[in-house]
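Trainee: I would like to see how this sequence folds:
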Amino acid sequence: MRATVEPSSACLNSNGSGHCKAAGARRRQSRQQQQQQRRAVAKSAFRVRSAAHSAPASRVEALSGGERRRGASKKVLVAMAAAAAASEGATGSGTGALIDGKAIAAQVRGEVKAAVETLKQEHGDEKGAPGLAVVLVGERKDSQTYVRNKKKACDEVGIVSYGTDLPETATEEEVLQVVEAYNADPKVHGILVQLPLPKHINEEKILTAISIEKDVDGFHPENIGKLAMRGRTPSFVCCTPKGCIELLERTGVAISGKRAVVVGRSNIVGTPAAMLLQERNATVTVVHSRTPDPEHFIREADIVVAACGLPKFVQGAWLKPGCAVIDVGINAVDDPSAKRGYRLVGDVDFAAAKEVAAHITPVPGGVGPMTIAMLLQNTLEGAQATLNK
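Mentor: Numbering: from 1, shown residues only. Down below sits the predicted model:
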């Protein structure tokens, strides 16, 4: 039975048509409210675009600190708007906005370089220069390339590079002696042991030997443990997961209250990435090799971090429209048309995913540049913590 409501006498006119006129008035009022809302949205969008175009690079701030996450300043909002506008401009219409890892990494490096100059002004060129030591065991070509790139990046921002190269036959004790020497060196603020290590060396033992105050890779068990606990602050966070979060935050992607799925549970990326997302109040699901029907979980995600090492594992049809996708994977697949006979692809089917996602990282050029940028940022923070005690 449908209830009826009698119009009040104030709505009635002399010919009894007050109810119709009242309904018409309500419709007009509703249309006016909708127009006002559209105008408000348009003004908001204009303000964001204006902020993005007018924001100088020097005003872009890192969002990784806990105090900055708790209360974003106007500066930070401008920086986020600028990054979002830059990523939107990188794509054509009808596709997800590219999250430009190269551009955001360049911002971070610029900030680190400026902060290094400040340290030198405050403490002198020698004492104030952050120092990063890299230990390389063996002659793997890929590891040698990574180490060269790290040294080059350090030089560009004013961080002093130290390095020790050991042969493949080096003993575990010899590696530990090198690590202990860097632990004791006051000019060194960060120590990185290039992985993987030869099979006869206990990786956990070597990483645990690094001083927690110089563990710029963030792999020390105490740093990982603090990351997993609420109310604790690790000295350092693993570089690649930290870079993933930085990409999301600088692009203006909301994390708090959102559903996030991390594909992969490695100690280096998947597990710490899940903890970082949870720390920022996302509801996090980790999908791994034993997860039945991973598509079911990925379909519900507002944020997807793919780090499973399987080419194009995450399909575009699995994604929630409007989601954000961070593709950590770098996989070489055969391609006779390519100069080297192969091309690099991620863990996400990029061509299909970009038609569904609102934001997505390319491979290459997405997460990769952020890893070294975060290493530089961690080394800077180690120097700041030491020098400002």
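
Trainee: Could you use CA atoms for every contact and neighbour count after this?
Mentor: Noted.

Trainee: can you pull out the strands in the stretch 251-389 of the chain?
Mentor: All strands of the stretch 251-389 of the chain, identified by DSSP state E, counting those that start in this stretch, fall at 259-263, 283-287, 303-306, 324-327, 331-334, 342-345, 359-360.

Trainee: Which of those sits closest to Gly368?
Mentor: Among the strands of the stretch 251-389 of the chain, the nearest to Gly368 by Cα to Cα is strand 324-327 (9.6 Å).

Trainee: in its sheet, what does the closest one sit against?
Mentor: Counting by DSSP bridges, the strands paired with strand 324-327 are strand 303-306 (parallel), strand 359-360 (parallel).

Trainee: then it to PDB, C-alphas only?
Mentor: In PDB, the C-alpha atoms belonging to strand 324-327 read as follows (Å, rounded to 0.1, in the frame of the first residue of the first chain):
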ATOM      1  CA  ALA A 324      45.700   2.900 -10.500                       C
ATOM      2  CA  VAL A 325      48.300   0.300 -11.700                       C
ATOM      3  CA  ILE A 326      52.000   0.200 -10.600                       C
ATOM      4  CA  ASP A 327      53.800  -2.300 -12.700                       C
END
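
Trainee: now what about it, what contacts it?
Mentor: The contact list for strand 324-327 (Cα atoms under 8 Å, 6 or more residues apart in numbering) reads 244, 253, 302-307, 346-348, 357-363, 366-367.

Trainee: Among those, which lie within helices?
Mentor: Members of those lying in helices (criterion: DSSP state H): Cys244.

Trainee: returning to what we had before: make a markdown table from the strands paired with strand 324-327 and add distance to Tyr162 and mean pLDDT to it.
Mentor: Shown next, in a markdown table, are those (distance: least, Cα to Cα, whole Å; pLDDT from 0 to 100):
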| stretch | distance to Tyr162 | mean pLDDT |
| --- | --- | --- |
| strand 303-306 | 33 | 98 |
| strand 359-360 | 36 | 98 |
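
Trainee: can you put the ones you listed in TSV and add mean neighbour count and distance to Ile268?
Mentor: Output for the strands paired with strand 324-327, formatted as TSV (neighbours: other Cα atoms under 10 Å; distance: least, Cα to Cα, whole Å):
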stretch	mean neighbour count	distance to Ile268
strand 303-306	28	13
strand 359-360	28	21
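
Trainee: nearest to Arg280, of those?
Mentor: Between Arg280 and these, the tightest spacing by Cα to Cα is seen for strand 303-306, at 12.6 Å.

Trainee: and the closest one, how far from the chain's centre?
Mentor: Relative to its chain's centre, strand 303-306 lies at 11 Å (Cα atoms, centre = their mean, to the nearest Å).

Trainee: mind saving the C-alpha coords of it as PDB?
Mentor: The C-alpha trace of strand 303-306 is given here as PDB (Å, rounded to 0.1, in the frame of the first residue of the first chain):
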ATOM      1  CA  ILE A 303      45.200   0.100  -6.600                       C
ATOM      2  CA  VAL A 304      47.200  -2.700  -8.200                       C
ATOM      3  CA  VAL A 305      50.900  -3.200  -7.600                       C
ATOM      4  CA  ALA A 306      52.100  -6.000  -9.800                       C
END
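
Trainee: Many thanks, we can stop here.
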